[in-house]
Every structure is written in structure tokens, then in C-alpha cells.
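[1] 3D, please:
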Amino acid sequence: MTPQDQQPRPPRKPAGAAVLRPDKTEAIVAAFYEELAESGHERLTMDRVAARAGVGKAALYRRWPSKQKMLAGLVAVLGDGSSDHQYDRGSLRADLVAYLRDGAKVLADPLVQRVIPYLIAQARSAPDLVEAFRELPGPTRDDGRAILRRAIDRGELPEDADVEIALDLATSPLLVHAIFIGQPLPARYAERLADAVLRALGHAGC
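    Below you'll find the predicted structure:
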């Protein structure tokens with residue numbers, strides 16, 4: 001045997017079904033959201049997604065080892081995919097109304113409404129889903145904190161204003177409507193909710 005024969009062979013490039021083909025991934029992602037919209041998270045299974053996508057179940061497991069991993073990996077791309085939200089309209093009320101309108105728009109998405117209950121129910125036992133919940137599209141809690149702290153800097157709120165409670169007051173009604181009520185928000189709901197939060201904070205403009 002020559003020295004050349006003793007050299008290790010380079011690993012063989014996987015072929016056929018072993019390659020994670022982009023077109024197959026796109027088909028699976030589309031099938032996932034269609035199945036979620038029609039069946040809901042409880043009835044959604046890897047088998048059903050594979051059948052709808054026209055691929056073998058192994059194609060899913062090469063990408064995601066479980067239904068939870070698949071959900072966590074795909075839920076963050078719901079909505080428009082934008083994570084850069086600017087809320088500096090010059091006043092606390094204008095900023096808060098814009099923030100709540102954006103949140104309401106995201107939560108009105110039927111897919112988001114279907115996935116949130118599952119994320120909440122499974123979050124404690126599945127860290128990946130906790131992260132997926134945090135990465136849902138739309139304004140974040142950090143965006144809300146920035147709005148309130150900017151208002152404190154402008155003198156619109158006292159320095160000891162409870163930012164976390166204010167955010168709970170602002171966001172909880174939107175989640176209640178999305179998860180439990182499931183009906184379109186009443187007219188001018190963002191404005192009315194913003195005014196209610198500002199009154200609770202003792203904002204001089206309300």
C-alpha cells in the first residue's frame with residue numbers, strides 16, 4: 001500500500017434526500033403554516049406537515065428533531081419579519097398609541113392567534129418555545145420600556161413611574177383579546193387603551 005493509499009478519504013458529500021434542498025424547505029415551511037391555520041397547534045403533527053408538503057417525514061426530522069423545535073424555528077418569521085420599530089413621535093401618548101396599534105396588528109394575524117396559546121402552554125417545559133415567544137414579530141417589551149423611559153426623561157412621567165406595571169397594563173388587554181376573545185378590536189381601541197394607561201400613570205395630559 002502506497003503512502004497515497006494510506007491518506008484518509010475526504011467525506012463523501014451527501015446526495016439525494018440527504019441534502020437539505022431549499023425548495024423542499026420552502027415547501028415544508030408553507031405546509032407548516034397551512035396546517036397550523038387549518039388544524040391548530042394541537043392537531044398539527046410532523047406526519048401531517050410532511051404529507052401536505054409532499055415529502056417524507058425524514059425530510060422534516062433532518063431539519064427539526066421534533067414538533068416543538070419546528071414550531072420554535074418557524075414562529076419567529078411570522079408577520080413582516082421586521083424587528084426595527086421606531087416609536088418617537090414627540091409625546092408619550094403618540095408613542096404609546098403607535099406601539100399598541102402595531103401590537104394589535106400582529107395579534108390580529110390568525111396564525112399568531114393559533115400559535116400563542118401553544119407557546120404559553122408549553123413555554124415552561126420547553127426553553128426553545130420561550131425564546132420563540134420572545135421573537136414573535138411586532139413591538140417588543142423593550143420597545144415599550146424605551147417609550148416610557150423617554151417620557152420620564154422628557155418630564156411627562158415622574159421619575160419613580162413603575163415602567164413594568166405600565167407595560168403590563170398596556171399589553172395584557174391585547175393578549176386577552178387575541179387569546180380568549182378572538183374578535184376584532186373595537187374602534188379606536190389602541191387610543192382608548194393608551195388613554196386608560198396614561199390615566200393610571202397620572203399623566204397630566206389625560
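
[2] pick out the residue nearest the middle of this structure.
    L136 (1.2 Å; C-alpha atoms, centre = their mean).

[3] give me the number of residues near E34?
    Neighbours of E34 under the rule other C-beta atoms under 10 Å: 15. (Glycine included, C-beta is placed from N, CA and C.)

[4] in terms of helices and strands, where is it?
    helix 22-43 (DSSP states H and E).

[5] and the residue nearest to the centre of the chain, how far is that from L71?
    Taking C-beta to C-beta, to the nearest Å as the measure, L136 and L71 are separated by 12 Å.

[6] for the helix holding E34, which helices and strands make contact with it?
    Counting by 3 or more C-beta pairs under 8 Å, 6 or more residues apart in numbering; DSSP states H and E, the packing neighbours recorded for helix 22-43 are helix 46-53, helix 57-63, helix 67-75, helix 110-122.

[7] that one vs helix 110-122, what angle?
    Helix 22-43 and helix 110-122 meet at an angle of 60 degrees, taking axes from the mean of the first three to the mean of the last three C-alpha atoms, to 10 degrees as the criterion.

[8] list the buried residues of helix 22-43.
    24-25, 27-29, 31-33, 35-36, 41 (16 or more other C-beta atoms under 10 Å).

[9] out of those residues, which is nearest to P65?
    Nearest to P65 among the buried residues of helix 22-43: I28, at 14.1 Å, using C-beta to C-beta.

[10] report how many residues lie close to P65.
    The burial count assigned to P65 is 11, neighbours taken as other C-beta under 10 Å.

[11] sec struct for it, please.
    Local secondary structure at P65 is given as coil here, using DSSP: H, G, I helix; E, B strand; the rest coil.

[12] how close does it sit to V176?
    34 Å.

[13] likewise for V29?
    Plainly put, V29 is 30 Å away from V176 if you go by C-beta to C-beta.

[14] can I get the helices and strands packed on helix 22-43 in a markdown table with distance to L100?
    Converted to a markdown table, those look like this (distance: least, C-beta to C-beta, whole Å):
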| stretch | distance to L100 |
| --- | --- |
| helix 46-53 | 34 |
| helix 57-63 | 36 |
| helix 67-75 | 22 |
| helix 110-122 | 16 |
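
[15] dump these to TSV, plus distance to D195, mean neighbour count and mean pLDDT.
    Rendered in TSV, the data for the helices and strands packed on helix 22-43 read as follows (distance: least, C-beta to C-beta, whole Å; neighbours: other C-beta atoms under 10 Å; pLDDT from 0 to 100):
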stretch	distance to D195	mean neighbour count	mean pLDDT
helix 46-53	44	18	92
helix 57-63	46	16	89
helix 67-75	32	19	76
helix 110-122	25	17	73
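
[16] any idea of the mean pLDDT for the helix holding E34?
    Mean pLDDT, computed over helix 22-43, is 79.

[17] what's the neighbour count on L92?
    23.

[18] is it true that it touches E156?
    Yes: taking C-beta atoms under 8 Å as the contact criterion, L92 and E156 are neighbours in contact, 4.6 Å apart.

[19] sorry, back to before: any idea how far D109 is from the residue nearest to the centre of the chain?
    Relative to D109, L136 is positioned 10 Å away (C-beta to C-beta).
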